[in-house]
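Participant: mind folding the following:
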Amino acid sequence: FPSHDKESKYPTGPEFFFTTQAAAVELAWWLAQFRDIDPDMEIDYIAGNHDIRAEKALMMNAISAYGLKSVDDLNGPPLLSIPKLLGLDKLNITYHPNYPHGKVVLNDNLVCIHGETAKSESGATVSAVVKDTRVSVIQGHIHRYEVATKTLWGADDTAYMYTAASFGCICVS
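Facilitator: Numbering: from 1, shown residues only. You can find the predicted model right below:
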């Protein structure tokens, strides 16, 4: 969601104002492609900073529309929410809205997060993430490929290896 608010961290020019629909259609198409690979596969969508911008834009520019629900689905997601805009229910995709704390636990030593750390130097972001963790982490947020690993030694000389990785993105610049 572009913003023309002078207080916004990332104000944008008018050329970006009518791209939201096209971006939502493109993302929904990609999600449908993933669903078509395996109709029974578990797919999780972890909210990120761009998703939260949509909520903030509504709160700042259309507060009366914030949280508005369809009369035939009062228990469902709001009309202008990411799950509703992308049709996540129809695609059987689970939405995790708690940015920046949303995560999906894959096993006892591996979690997926969106992330909120961003460093400018190559490899510095995931190095910072792995430094402060006791599990391996797959994260997005930075849109670039990075991998970092650390090893901790237990009292019995057992090595515990943890990795943080970001696999880039499918966007085109």
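
Participant: just the C-alphas of the longest helix along the chain, formatted as PDB.
Facilitator: Longest helix of the chain, by residue count under DSSP state H: helix 20-37. Presented in PDB, the C-alpha positions along helix 20-37 are these (Å, rounded to 0.1, in the frame of the first residue of the first chain):
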ATOM      1  CA  THR A  20      -2.000  -2.500  -5.200                       C
ATOM      2  CA  GLN A  21      -4.700  -4.500  -7.200                       C
ATOM      3  CA  ALA A  22      -2.200  -5.800  -9.700                       C
ATOM      4  CA  ALA A  23       0.200  -6.800  -6.900                       C
ATOM      5  CA  ALA A  24      -2.500  -8.600  -5.000                       C
ATOM      6  CA  VAL A  25      -3.600 -10.500  -8.200                       C
ATOM      7  CA  GLU A  26       0.000 -11.500  -8.900                       C
ATOM      8  CA  LEU A  27       0.600 -12.700  -5.400                       C
ATOM      9  CA  ALA A  28      -2.700 -14.700  -5.400                       C
ATOM     10  CA  TRP A  29      -1.700 -16.300  -8.700                       C
ATOM     11  CA  TRP A  30       1.600 -17.400  -7.200                       C
ATOM     12  CA  LEU A  31      -0.100 -18.800  -4.100                       C
ATOM     13  CA  ALA A  32      -2.500 -20.700  -6.300                       C
ATOM     14  CA  GLN A  33       0.400 -22.200  -8.200                       C
ATOM     15  CA  PHE A  34       1.900 -23.400  -5.000                       C
ATOM     16  CA  ARG A  35      -1.500 -24.900  -4.000                       C
ATOM     17  CA  ASP A  36      -1.700 -26.700  -7.400                       C
ATOM     18  CA  ILE A  37       1.600 -28.500  -6.700                       C
END
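
Participant: okay, buried residues for that helix please.
Facilitator: 27-28, 31, 35 (16 or more other Cβ atoms under 10 Å). To be clear about C-beta, it is placed using only N, CA and C from the backbone, and glycine gets the same treatment.

Participant: packing partners for that helix?
Facilitator: Where contact means 3 or more Cβ pairs under 8 Å, 6 or more residues apart in numbering; DSSP states H and E, helix 20-37 is packed against strand 43-46, helix 82-86.

Participant: the longest one: how far from the chain's middle?
Facilitator: Once both centres are worked out by Cα atoms, centre = their mean, to the nearest Å, helix 82-86 turns out to sit 13 Å from its chain's centre.

Participant: give me the buried positions along whichever helix or strand comes after that helix.
Facilitator: Sequence-wise, the next helix or strand downstream of helix 82-86 (DSSP states H and E) is strand 93-96. Residues of strand 93-96 classed as buried: 93, 95-96 (neighbour count, 16+ other Cβ under 10 Å).
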